[in-house]
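Novice: Have a look; sequence and predicted model below, questions after that.
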Amino acid sequence: MSQNFNQLFILIVFSRYKYSMLLIQSIIFACLIVFTINAQASSADYKLKAAYIYQFTKFAQWPETSFDNNKSPIVICVMGKSPFEKTLDSFSSRSSQNRSLKVEYLAKPENIADCHVVFVGQSLEKNLDNILLKLKNHSVLSVSDIDDFAMRGGIIGFVKKQRRVGIEINVTVSKSSGVMLSSKLLEVSTLVKGHNVEKSP
């Protein structure tokens, strides 16, 4: 009788253990699926944002003093950890406004003056105020997907709008930087003047 009881007890414990392991495995599998879907969605978002950055070079005008000569490239810089993988690197084979494109990854903010477009990665959010202060005296088109980037003094901020990528533009900072943006770009963006939203498309 005691032996049968022990066998039954072991069977119950093993069944519960097996069920728990199956439950844990199911939870891990579900988490992996969610992580994979989110990673794929994030990758697709940044491919779209990279395409936007390329288009920005076509709809922006820099002062003539921003280039050494007519053959000088438009320099796109990335500050902080790059979320674009190799997408931006492919721009080096393209051109915009009859100029070649050059992609650089900045290790120090002191080199910002050499850029025409600079994307500020989310990894630098804590240093954003200092970065924007350095950008203030240069004709550089600043872009980021840091929350409230345009409201905080950046020029173009990527925002989420109903599961799509939207654009906010701080027209005040754009004008003060000397980087003029095409009306076509402004028409499809939410415009920010100072710290207040001016209009939404």
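Specialist: That came through fine.

Novice: Please make it C-alpha for all contacts and neighbour counts, starting now.
Specialist: Noted.

Novice: Need the pLDDT of the spatially most central residue of the chain.
Specialist: The residue lying closest to the centre of the chain (C-alpha atoms, centre = their mean) is Asp145, at 4.4 Å. For Asp145, the pLDDT comes out at 95.

Novice: Kindly report the same for Ser15.
Specialist: Per-residue pLDDT puts Ser15 at 55.

Novice: next one: Cys77
Specialist: 95.

Novice: cool, and Val173?
Specialist: Val173 is given a pLDDT of 94.

Novice: any idea how far it is from Ser144?
Specialist: Distance of Val173 to Ser144, computed by C-alpha to C-alpha, to the nearest Å: 14 Å.

Novice: residue ranges for the helices of this protein, please.
Specialist: Taking DSSP state H to define them, one finds helices in the chain at 2-56, 128-135, 171-177, 183-187.

Novice: on that earlier part again, do I have it right that the residue nearest to the centre of the chain meets Gln122?
Specialist: Yes: with contact defined as C-alpha atoms under 8 Å, Asp145 and Gln122 form a contacting pair (7.0 Å).

Novice: Just to check, Val179 is in contact with Ser139?
Specialist: Yes: between Val179 and Ser139 there is a contact under C-alpha under 8 Å: 5.8 Å.
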